[in-house]
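In: pasting the sequence and the predicted model now:
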Amino acid sequence: MGGTLRSNKILVIDDEEGPRQSLKMILKDDYEVLTTDDVVKALEMIVKGDIDIVALDIKMPKTNGIEVLHNIKKTSPDVEVFLITGFPSVSTAIEAIQYGAYDYVVKPFDKDAVLNVVRRGLNRRSQNMLEKEVLGDLRFLKLI
């Protein structure tokens, strides 16, 4: 893959070391991958503004992934989030989408599925940022 993708930062938030390291191994050749099991630390990193995509575990012992998703989208709406789950359900997927997640990946991870989800997230983020820029330009020019 091209060298320009290396600047994209992906943050993996999971209480288990295994899934964090698995995702890092899958993504590290193409992206800068940060990992943590600390939700407070993760939210601080996201608010600083240098995270493009978050891979977020839904079920963690101290917190609910959906609540974390809600906090991420409230403070940093441009950050794309996909959920990690070992127990996929339609109701969880619907709730995640309602709170702004764009997809989810099931444990154990399929390398191609993870790479596709990340690519789609980066494309979605780029489109959203471009739309905001264009809307800002139009407002500046008083065209809307």
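Out: Cool, the structure landed. Numbers count the residues shown, from 1 in each chain.

In: who touches whichever strand or helix holds residue 56?
Out: Per DSSP states H and E: residue 56 is located in strand 53-57. The contact list for strand 53-57 (CB atoms under 8 Å, 6 or more residues apart in numbering) reads 8-16, 19, 23, 42, 46, 65, 68-69, 72, 79-85, 101, 105, 118, 121-122, 125. C-beta coordinates here come from the backbone N, C-alpha and C atoms, glycine included.

In: do the same with stretch 126-144
Out: Contacts of stretch 126-144 (CB under 8 Å, 6+ apart): residue 78.

In: one more pass at 10 Å, please.
Out: 8, 52, 77, 78, 80 (CB atoms under 10 Å, 6 or more residues apart in numbering).

In: do you know the pLDDT at the nearest residue to the second one once chain neighbours are set aside?
Out: Nearest non-adjacent residue to residue 52, counting by CB to CB, 6 or more residues apart in numbering: residue 8, 4.8 Å away. The per-residue pLDDT reported for residue 8 equals 94.

In: tell me who's in contact with residue 8.
Out: 27, 30-33, 51-53, 118, 121-122, 125-126.

In: in these, find the pair that's most separated.
Out: Across the contacts of residue 8, the longest distance by CB to CB is 18.9 Å; it joins 33 and 126.

In: tell me if residue 128 really is in a helix.
Out: Yes - secondary structure of residue 128 (DSSP: H, G, I helix; E, B strand; the rest coil): part of a helix.

In: contacting residues for residue 48?
Out: residue 76.

In: distance-wise, check it relative to residue 130.
Out: Distance from residue 48 to residue 130, counting by CB to CB, to the nearest Å: 22 Å.
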